[in-house]
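Chemist: build me a model from this:
(2 chains)
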Amino acid sequence: MTTTLASDLSTAAAAAADAVADARAREMELVERHRRGDASAFDEVYGDHEAMVYNLALSLVGSPERAADVAQEIFLRVYRHLGKFRGRSSLKTWIYRVAVNQCRSRLSRRRPWHQPLPEEEGPQTLVDPRRGPESLALADDAGRQLRRCLAEVPEPFREAVVLRDIEGLAYDEISEVLGVRIGTVRSRIARGRQHLKDRFESLET
Amino acid sequence: MSAAVCTLPLAPDRLSAYLDGELIGDDVSRVERHLEDCPACRAELAGLRRVVRQLERTRRAAPPPLLAEAVARRVALEGTNVGLLERVERALGRVPLDSNLFLGFAMVLALSGLVLAYAMGVQGRADAPAGSPGDAAAGAAAQWVAGDHGLQVLRADIAGRTFDRRGSLWVERGAGEGDVSRRIAVGSAAAEDLFAASPRLRELTVGSGGVVLLDDSRQAVLIVSADAESEP
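Modeler: Coordinates of the predicted model:
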């Protein structure tokens, strides 16, 4: 029985390692095709990561409109720098890193050019003009409340919590994305969760 | 929730890491032993677990349908320049760079460009009335033309496309009023990206005001400055 279990675990581990190796090989093939000017390579990268990037941006910058703007900028940077990707991390981790940096840049950048216009003046963003604004926000009130609470969490802690609890990254992946030690990741996740816990409790009282 | 107070509470990051299965070895058993005897820390852990479950249940939002199209447009702008440069480089690659033929061709090209630029400059200066503001910066392609509103209207011809100034805006001839799909402000990183891809667009943003133009995909891009007047 023990031998069978050990054998099964060993087989599963080998299969997992093969899957990772296959995924990395595919990623490097996409990068090589992109370097050679094959436009469909970036299309594949985009398709694989569109939802991930948009949702990360939405969690970090707070509004669908800003998330769509930032997502554009993120993919433009991915397009420009994809040829330099060396495979030291997974492509997903690399794109997460680009995305987090772009969200930070967006949040910290002064935007004196922003001309706020009333909603009635027509579409200003990539929003499909046939949809109402409600359909682009989260579909339920609890989700919107959660994002509002998230927006109140200080940025370094918010990033860590989003990457862990919404995006599902492991601590070592988050450490790579954020460029900090795992101990720092642990601390930021804990503090982010504490902020949210305190906020949720204050809303309940 | 228990109102008990823990006299030696677990460090928040240890509790959080325990929740994530990121503690190892003896640390796990130490935390578990503490939790067995501490209702306050068990309550704290339960609170953290609720937060994590709320976040994990966050509905994934579908990206807006126009996002892919917008990215494709911006990538195409990059690709136009990159593709052209690559094609030129590849073509030049077939010609030995130290050949007399290549050098001769390069010199003819450079001279032609200088002559053309000079001719455009002379023409522009001949047409522009004295003292027209923005002339020097807008270059020879700009002309002052009396407009319908009795105002001086600046007409700019850039790369075969004609733009008329109306109030604080530049409008390309043929652009529809409702064609604004995106705003990018002068001075922003997005505008810089656009100018890098199409350097001559920068000529239309001299002074205050903006430009509405149609790019190859027939989508209008509006560029306004921080102190631009509101649209007429």
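Chemist: in chain A, what secondary structure element scores lowest on mean pLDDT?
Modeler: helix A:133-136 (a mean of 44; mean pLDDT, DSSP states H and E).
Chemist: past that helix, which element shows up next along the chain?
Modeler: Going down the chain from helix A:133-136, the next helix or strand is helix A:141-152, by DSSP states H and E.
Chemist: quick one: name whatever helix or strand follows that following helix.
Modeler: helix A:155-161.
Chemist: name the residues that touch stretch A:170-184?
Modeler: For stretch A:170-184, contacts defined as C-beta atoms under 8 Å, 6 or more residues apart in numbering or on different chains pick out A:89, A:93, A:96-97, A:100, A:159-160, A:163-164, A:169, A:185-186, A:188-189, B:17, B:20, B:22. No exception for glycine: its C-beta is placed from N, CA and C like everyone else's.
Chemist: which non-adjacent residue is nearest B:Phe55?
Modeler: Quick fix: residue B:55 reads Leu, not Phe. A:Asp165 (3.7 Å; C-beta to C-beta, 6 or more residues apart in numbering or on different chains).
Chemist: repeat for A:Leu60
Modeler: A:Leu60 sits nearest to A:Cys103 (C-beta to C-beta, 6+ apart), 4.2 Å away.
Chemist: quick one: list the elements packing against the helix or strand containing that neighbour.
Modeler: If you go by DSSP H and E, A:Cys103 is part of helix A:91-108. If you count contacts as 3 or more C-beta pairs under 8 Å, 6 or more residues apart in numbering or on different chains; DSSP states H and E, helix A:91-108 packs onto helix A:2-35, helix A:39-61, helix A:64-81, helix A:155-161, helix A:171-178.
Chemist: now these in JSON lines, with mean pLDDT and mean neighbour count?
Modeler: Below are the helices and strands packed on helix A:91-108 laid out as JSON lines (pLDDT from 0 to 100; neighbours: other C-beta atoms under 10 Å in any protein chain shown):
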{"stretch": "helix A:2-35", "mean pLDDT": "83", "mean neighbour count": "12"}
{"stretch": "helix A:39-61", "mean pLDDT": "93", "mean neighbour count": "20"}
{"stretch": "helix A:64-81", "mean pLDDT": "92", "mean neighbour count": "22"}
{"stretch": "helix A:155-161", "mean pLDDT": "94", "mean neighbour count": "22"}
{"stretch": "helix A:171-178", "mean pLDDT": "95", "mean neighbour count": "20"}
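Chemist: list the buried residues in stretch A:189-202.
Modeler: Buried positions in stretch A:189-202, judged by neighbour count with 16 or more other C-beta atoms under 10 Å in any protein chain shown: A:Ile189, A:Ala190, A:Arg191, A:Gly192, A:Arg193, A:Gln194, A:His195, A:Leu196, A:Lys197, A:Arg199, A:Phe200.
Chemist: list the contacts of that stretch.
Modeler: A:149-150, A:152-154, A:157-158, A:160-161, A:164-165, A:171, A:174, B:12-13, B:15-17, B:20, B:47-48, B:50-52, B:54-55.
Chemist: what's the ChimeraX line that selects buried ones from these?
Modeler: Per 16+ other C-beta under 10 Å, the buried members of the contacts of stretch A:189-202 correspond to this ChimeraX selection:
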select /A:149,150,153,157,158,160,161,164,165,171,174 /B:12,13,15,16,17,20,47,48,51,52,54,55
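Chemist: just give the nearest non-adjacent residue to A:Arg80, would you?
Modeler: B:Glu78 (6.9 Å).
Chemist: what helix or strand does that neighbour sit in?
Modeler: helix B:65-93.
Chemist: what of B:Gly21?
Modeler: In this structure, B:Gly21 is located outside every helix and strand according to DSSP H and E.
Chemist: with the one 3 residues further on instead?
Modeler: Take DSSP H and E as the rule and B:Ile24 turns out to sit in neither a helix nor a strand.
Chemist: give me phi/psi at it?
Modeler: Per-residue torsions, B:Ile24: phi -130, psi 160 (degrees, to the nearest 10).
Chemist: likewise for B:Val115?
Modeler: phi -60, psi -40.
Chemist: how near is the nearest residue to A:Val153 once chain neighbours are set aside to B:Cys38?
Modeler: What sits nearest to A:Val153 in space, not counting adjacent residues and going by C-beta to C-beta, 6+ apart, is A:His195, at 4.5 Å. A:His195 sits at a distance of 23 Å from B:Cys38 (criterion: C-beta to C-beta, to the nearest Å).
Chemist: repeat for B:Arg59
Modeler: Using C-beta to C-beta, we find B:Arg59 at a distance of 35 Å from B:Cys38.
Chemist: likewise A:Asp38?
Modeler: The separation that A:Asp38 has from B:Cys38, given C-beta to C-beta, amounts to 59 Å.
Chemist: now do A:Arg88
Modeler: As defined by C-beta to C-beta, A:Arg88 lies at a distance of 43 Å from B:Cys38.
Chemist: what about B:Met164, which SS state?
Modeler: I think there's a mix-up here, since residue B:164 is Asp and not Met. Put simply, B:Asp164 is strand when judged by DSSP: H, G, I helix; E, B strand; the rest coil.
Chemist: need the contact list for the residue nearest the centre of chain A.
Modeler: Among the residues of chain A, the one closest to the centroid is A:Leu56, at 3.3 Å (C-alpha atoms, centre = their mean). With contact taken as C-beta under 8 Å, 6+ apart, A:Leu56 is in contact with A:Tyr96, A:Ala99, A:Val100, A:Cys103, A:Val162, A:Leu163, A:Ile166, A:Glu167.
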